[in-house]
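>>> the amino acid sequence is not available; the structure is as follows:
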């Protein structure tokens, strides 16, 4: 069944994508500093690189982060949907 705001399973995937304090921190970081690598995200947030990678992967699956190859690095930036999610979260604060 479709709702007026779209497929509910698709919305669930997005909500689950940011339903973690670390992933929200990553979204906020990428808002302030786009085009960071996983290593840079891990360093700036003082978290394990494997943890950062997993969180970024989940954000990408949810359609909140875009990946771009640059040499040996993969750069990450927010999607328009992620920008909307951050605005929504600021309202909830």
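Looks like it came in fine. None of the values given here were measured: they were computed from a predicted structure.
>>> verify the contact between residue 48 and residue 42 for me.
Yes: Residue 48 lies in contact with residue 42 (C-beta atoms under 8 Å); the separation is 6.6 Å. All C-beta atoms are positioned from the backbone trio N, CA, C, and that covers glycine.
>>> looking at those two, which one has more neighbours?
Higher neighbour count among residue 48 and residue 42: residue 42, with 20 against 10, using other C-beta atoms under 10 Å.
>>> where do the strands sit along this structure?
Assigned by DSSP state E, the chain shows strands spanning 2-3, 6-7, 65-70, 73-78.
>>> any chance of CSV for those strands, columns mean pLDDT and mean neighbour count?
Converted to CSV, the strands of the chain look like this (pLDDT from 0 to 100; neighbours: other C-beta atoms under 10 Å):
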stretch, mean pLDDT, mean neighbour count
strand 2-3, 53, 8
strand 6-7, 73, 10
strand 65-70, 96, 13
strand 73-78, 96, 18
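>>> with adjacent residues omitted, what lies nearest to the most centrally placed residue in the chain?
For the chain, the residue nearest the mean C-alpha position is residue 59 (3.8 Å; C-alpha atoms, centre = their mean). Once flanking residues are discounted, residue 59 sits nearest to residue 65: 4.1 Å by C-beta to C-beta, 6 or more residues apart in numbering.
>>> check residue 52 too.
Residue nearest to residue 52 in three dimensions, not counting chain neighbours: residue 42, with 3.8 Å by C-beta to C-beta, 6+ apart.
>>> wait, the one you found touches residue 54, no?
No: Residue 42 is beyond contact range of residue 54, at 10.8 Å (criterion: C-beta under 8 Å).
>>> and the nearest residue to residue 28 once chain neighbours are set aside, how many neighbours does it have?
Distance criterion C-beta to C-beta, 6+ apart; nearest residue to residue 28, sequence neighbours excluded, is residue 86 at 6.8 Å. For residue 86, the neighbour count with other C-beta under 10 Å is 17.
>>> list the residues that contact residue 86.
Residue 86 makes contact with 27, 28, 31, 78 under the criterion C-beta atoms under 8 Å, 6 or more residues apart in numbering.
>>> now with 10 Å?
18, 24, 27, 28, 30, 31, 64, 78 (C-beta atoms under 10 Å, 6 or more residues apart in numbering).
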